[in-house]
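Novice: sequence unknown, structure follows:
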Ligand SMILES: Nc1ncnc2c1ncn2[C@@H]1O[C@H](COP(=O)(O)OP(=O)(O)O)[C@@H](O)[C@H]1O
Ligand SMILES: [Mg+2]
């Protein structure tokens, strides 16, 4: 979806925002993400606010509603949601602004230990039972080898999109962009992180070693991680088929490599 600017919002939508924050003195469109219709920093009398907005009839609008619903249940390092408005065809979220930059996942980056700390904190978070988020065994059911999706079940709150542009770093790392909160086995987020480390230039053994600092990955049943790796191959290959963006084909390649690695070293865990 194409990024639009704050001033492209209709007058009604901007009035609804002013009803929450007062006059908007300036607006600047955020770089980095890819999905939101509007992603902008606004200056208000009460300080800065990050506004994320999507048309209510857009296929990703339900993801934004999930993002709002999960916010009160996130670890404290995640940005606080101030308000959620649905008005004039827009679903709008107003967030606390976290000063920081996107994480650097490249090998040797000083951000990596901070990212590990943030993920460790998340690994200890149980998915709230009363929020309608996806279950891992359902989310990847269509992609998993027959009969294996049940191995993905668990009660940990998973982010599932741990790309570096979804982690903001200052004195610590903050995990943002909760469009895909999922309830499942704790080792799933480390598995997803491995693919993003490969994307950033790590070798497979380095990325696997990095992930093993998470006890969930270290102790995960080989049968389960191999099935999940296979599901990721199918999911990323489908994504790459429907969108020719080169990074998507590269992610599919990393998924194939991780699957091969886990098949070659099944006893490694
Ligand atoms: N609370 C926040 N504070 C500061 N910057 C943010 C905040 N939330 C998002 N951003 C910035 O906006 C970008 C897009 O937001 P994100 O929630 O990732 O939406 P998208 O769905 O477009 O990827 C992020 O990559 C980050 O640079
Ligand atoms: Mg994002």
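Specialist: Noted; the coordinates are in hand. Please read these numbers as outputs of a predicted model, since none were measured by experiment. Ligands and ions are numbered 1, 2, ... in the order given.
Novice: okay, CA-based contacts and neighbour counts for the rest of this
Specialist: OK.
Novice: which residues touch the longest strand seen in the chain?
Specialist: In the chain, ranked by residue count with DSSP state E as the criterion, the top strand is strand 47-55. For strand 47-55, the external contacting residues (CA atoms under 8 Å, 6 or more residues apart in numbering) are 36-43, 60-61, 64, 89-97.
Novice: tell me where the stretch 101-250 of the chain has helices.
Specialist: Along the stretch 101-250 of the chain, the segments classed as helices by DSSP state H, counting those that start in this stretch run 111-123, 136-139, 188-199, 204-211, 215-219, 222-242, 246-264.
Novice: run through the stretch 101-250 of the chain and note the low-pLDDT ranges.
Specialist: Counting by pLDDT under 70, the stretch 101-250 of the chain contains no low-confidence residues.
Novice: flag every residue of it that's near ligand 1.
Specialist: Residues of the stretch 101-250 of the chain that fall close to ligand 1, judged by CA under 6 Å from any ligand atom: 165-166, 176-177.
Novice: now with 8 Å?
Specialist: Neighbours of ligand 1 within the stretch 101-250 of the chain, by CA under 8 Å from any ligand atom: 101-102, 165-168, 176-179.
Novice: switch those residues over to CSV; also include neighbour count and distance to residue 52.
Specialist: Compiled in CSV, these are given as follows (neighbours: other CA atoms under 10 Å; distance: CA to CA, whole Å):
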residue, neighbour count, distance to residue 52
101, 14, 17
102, 17, 17
165, 19, 15
166, 18, 14
167, 24, 16
168, 22, 16
176, 19, 12
177, 21, 10
178, 24, 12
179, 20, 11
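Novice: quick check: which of these are also close to ligand 2?
Specialist: The subset of these lying close to ligand 2, counting by CA under 5 Å from the ion, consists of residue 166.
Novice: could you dump the residues of the stretch 101-250 of the chain next to ligand 1 to CSV with distance to residue 129?
Specialist: Listed next are those as CSV, based on distance: CA to CA, whole Å:
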residue, distance to residue 129
101, 32
102, 31
165, 28
166, 25
167, 25
168, 27
176, 21
177, 21
178, 17
179, 18
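Novice: give the contact list for residue 46.
Specialist: Shown in contact with residue 46 (CA under 8 Å, 6+ apart): residue 21.
Novice: to clarify, my last question referred to residue 130.
Specialist: Residue 130 makes contact with no residue, according to CA under 8 Å, 6+ apart.
Novice: what residue lies at the spatial centre of this protein?
Specialist: Ranked by distance to the mean C-alpha position of the chain (CA atoms, centre = their mean), the top residue is residue 161 at 3.1 Å.
Novice: follow-up on the earlier one: tell me which of the helices of the stretch 101-250 of the chain sits most buried.
Specialist: Looking across these with neighbours counted as mean count of other CA atoms under 10 Å, the highest average goes to helix 188-199: a mean of 24.
Novice: could you check how far that helix is from the centre of its chain?
Specialist: Distance of helix 188-199 from its chain centroid, counting by CA atoms, centre = their mean, to the nearest Å, is 12 Å.
Novice: ok, stretch 128-136 next?
Specialist: Going by CA atoms, centre = their mean, the spacing between the C-alpha centre of stretch 128-136 and its chain's C-alpha centre is 16 Å.
Novice: still on that earlier bit, report the buried members of the contacts of strand 47-55.
Specialist: When the contacts of strand 47-55 are checked for burial by 16 or more other CA atoms under 10 Å, the buried set is 36-43, 60-61, 64, 90-97.
Novice: count of residues packed around residue 3?
Specialist: Under the neighbour criterion other CA atoms under 10 Å, residue 3 is assigned a count of 18.
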